[in-house]
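Undergrad: This is a predicted model, with the sequence first.
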Amino acid sequence: MGNMIQSALSDSTFRTTDANGGNVRRIVNDFSIQVATVNGSGSQTANNVLMRSIFQMGVPVSGKNIFPSNIAGLPTWFTIRANKDGYIARKKEIDILIAMNPETIEEDIKGLQPGAVAIYNSDLKFTVNRNDLTYYPIPFNKLVQEGCPNAEIRKLVVNMIYVGVASELFKIEYAEVEKALLKQFKSKQKAIELNLGAVKIGIDYVRKNIVKKDPYYVERMNKTAGKIIIEGNASAALGAMFAGCTVFSWYPITPSSSLGEALTEYFKKYRTDKTTGKATYAVVQAEDELAAIGMALGAGWAGARSMTATSGPGISLMAEFAGLGYYAEVPAVIYDVQRVGPSTGLPTRTAQGDILEVAFLSHGDTKHIMLFPATVEECYTMTFDAFNLAERFQTPVFVMSDLDLGMNNWMSAPFNYINKPLDRGKVLTV
């Protein structure tokens, strides 16, 4: 009997009793949160803080962003999947909705499964009438006006209020929220104080005004000890660093731009001469993708380890130079973060449609070397390997990633230090 009780208590889903004596199904560390906002509202920072807070409590998580192909103003959804057993791929069903967008609130609420939770801005109007959901209306606009005197930044700060609301409702430890926020803002003390204040406003409002009616809880586990959260593009940038890359030429294009941004920051930190303060690297933002691969091949011809990053439309423009590199036997690494269609289509959705094009990219009988990472760790190791292969075989080498792997947050074991020697192939010496 004792073993049976212990087994029931250790399960993440069990029943408890509410104030009226009714059974309530208590669900612990197994849910999906969707935050519905607009692009350019600064919500990504708040979403990362919320996700990392859960991760720091030892619960496996992932964070996936669905965003539009514009600068600001269109709908954006960020999904946090938390699961005690490590199942963290995005799932269709949403258990907890945080609705901040007036344009999508109707459809967002319609799409919830029975028993789900809707936290929403009480100023938003919607006509959906469902009695199978748990609603938590929050006066976000009023709260941010009271807590943030600067009207210009209220649209940014309000996001941290929903972090506070969610942390209190679902029992995410405040110490972990604070730790995640400090990691996000680093040494920006004013931003830290302002955003922590917003989190506390959300927590305080829930404590004073909300009676918890939903079954979802976060409880501390030990499933993320020693794990990291990282994007595939940042992992690839690390691999390039370890491989000895010193030249990066690129033209920004979603979803590969964050790779260039990450690599540039790593270069500044690790490729700057500590004595002279001079850069021992070159980052060149070219006028287009054609110029970018041309610069990478020129650097490879001169003996540098060089790289460019792009997506499908850029690959199309690189065809002629890819053939030149192949036939002239010039090494370079081309990192393709694949997406759907051209810029007028769906460039912020993931795809793997460049494979056949890249395999024979050129105007002749080419058969390019291609690497296919499936995890963030492989983004790291395969990028390193690509440089060795490029110089061993004296040819352009393509690494084929995609938006989902490249731009989203993935949980991983820490990467191992790469002890492989740099394989420069056949090198002439004086």
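TA: On my side now, so go ahead.
Undergrad: Would you map the helices across the stretch 151-300 of the chain?
TA: Using DSSP state H, counting those that start in this stretch, the helices of the stretch 151-300 of the chain run over 154-169, 174-185, 189-209, 232-242, 257-270, 289-301.
Undergrad: Low-confidence ranges, the stretch 201-350 of the chain, go.
TA: Filtered on pLDDT under 70, the stretch 201-350 of the chain yields the residue ranges 343-345.
Undergrad: right, and the helices of the stretch 151-300 of the chain - which one's nearest residue 215?
TA: When the helices of the stretch 151-300 of the chain are compared by CB to CB, helix 154-169 sits nearest residue 215, at 11.3 Å. (Glycine included, C-beta is placed from N, CA and C.)
Undergrad: just the angle between that closest one and helix 189-209, please?
TA: Interaxial angle, helix 154-169 versus helix 189-209 (axes from the mean of the first three to the mean of the last three CA atoms, to 10 degrees): 50 degrees.
Undergrad: Next, the angle helix 174-185 makes with helix 154-169.
TA: Orientation check (the same axes, to 10 degrees): helix 154-169 against helix 174-185 gives 150 degrees.
Undergrad: CA atoms of helix 154-169 as CSV?
TA: C-alpha atoms of helix 154-169 as CSV (Å, rounded to 0.1, in the frame of the first residue of the first chain):
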residue,chain,number,x,y,z
ARG,A,154,5.0,50.7,-21.8
LYS,A,155,4.4,48.3,-24.8
LEU,A,156,7.7,46.6,-23.9
VAL,A,157,7.3,46.5,-20.1
VAL,A,158,3.7,45.2,-20.2
ASN,A,159,5.1,41.8,-21.4
MET,A,160,6.9,41.3,-18.1
ILE,A,161,3.6,41.8,-16.3
TYR,A,162,2.2,38.6,-17.9
VAL,A,163,5.4,36.9,-16.9
GLY,A,164,4.6,37.8,-13.3
VAL,A,165,1.0,36.7,-13.7
ALA,A,166,1.9,33.3,-15.2
SER,A,167,4.6,32.7,-12.6
GLU,A,168,2.2,33.3,-9.7
LEU,A,169,-0.7,31.3,-11.2
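Undergrad: still on that earlier bit, pick the most buried one from the helices of the stretch 151-300 of the chain.
TA: helix 232-242 (a mean of 27; mean count of other CB atoms under 10 Å).
Undergrad: which secondary structure elements does it contact?
TA: helix 257-270, strand 332-340, helix 376-393, strand 396-402, helix 403-407 (3 or more CB pairs under 8 Å, 6 or more residues apart in numbering; DSSP states H and E).
Undergrad: Let me have these in TSV, adding distance to residue 173 as columns.
TA: Output for the helices and strands packed on helix 232-242, formatted as TSV (distance: least, CB to CB, whole Å):
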stretch	distance to residue 173
helix 257-270	30
strand 332-340	35
helix 376-393	26
strand 396-402	34
helix 403-407	28
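Undergrad: what's the closest of the ones you listed to residue 301?
TA: When the helices and strands packed on helix 232-242 are ranked by distance to residue 301, counting by CB to CB, first place goes to strand 332-340 at 8.9 Å.
Undergrad: circling back: in JSON lines: the helices of the stretch 151-300 of the chain, plus distance to residue 41.
TA: Listed next are the helices of the stretch 151-300 of the chain as JSON lines, based on distance: least, CB to CB, whole Å:
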{"stretch": "helix 154-169", "distance to residue 41": "6"}
{"stretch": "helix 174-185", "distance to residue 41": "16"}
{"stretch": "helix 189-209", "distance to residue 41": "14"}
{"stretch": "helix 232-242", "distance to residue 41": "22"}
{"stretch": "helix 257-270", "distance to residue 41": "19"}
{"stretch": "helix 289-301", "distance to residue 41": "30"}
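Undergrad: looking at the helices and strands packed on helix 232-242, which is buried most?
TA: Buried most deeply of these, by mean count of other CB under 10 Å, is strand 332-340, with a mean of 28.
Undergrad: and the next helix-or-strand element following that one, which strands flank it?
TA: Next helix or strand after strand 332-340 toward the C-terminus (DSSP states H and E): strand 346-350. Looking at strand 346-350 with DSSP bridges, its partner strands are strand 332-340 (antiparallel).
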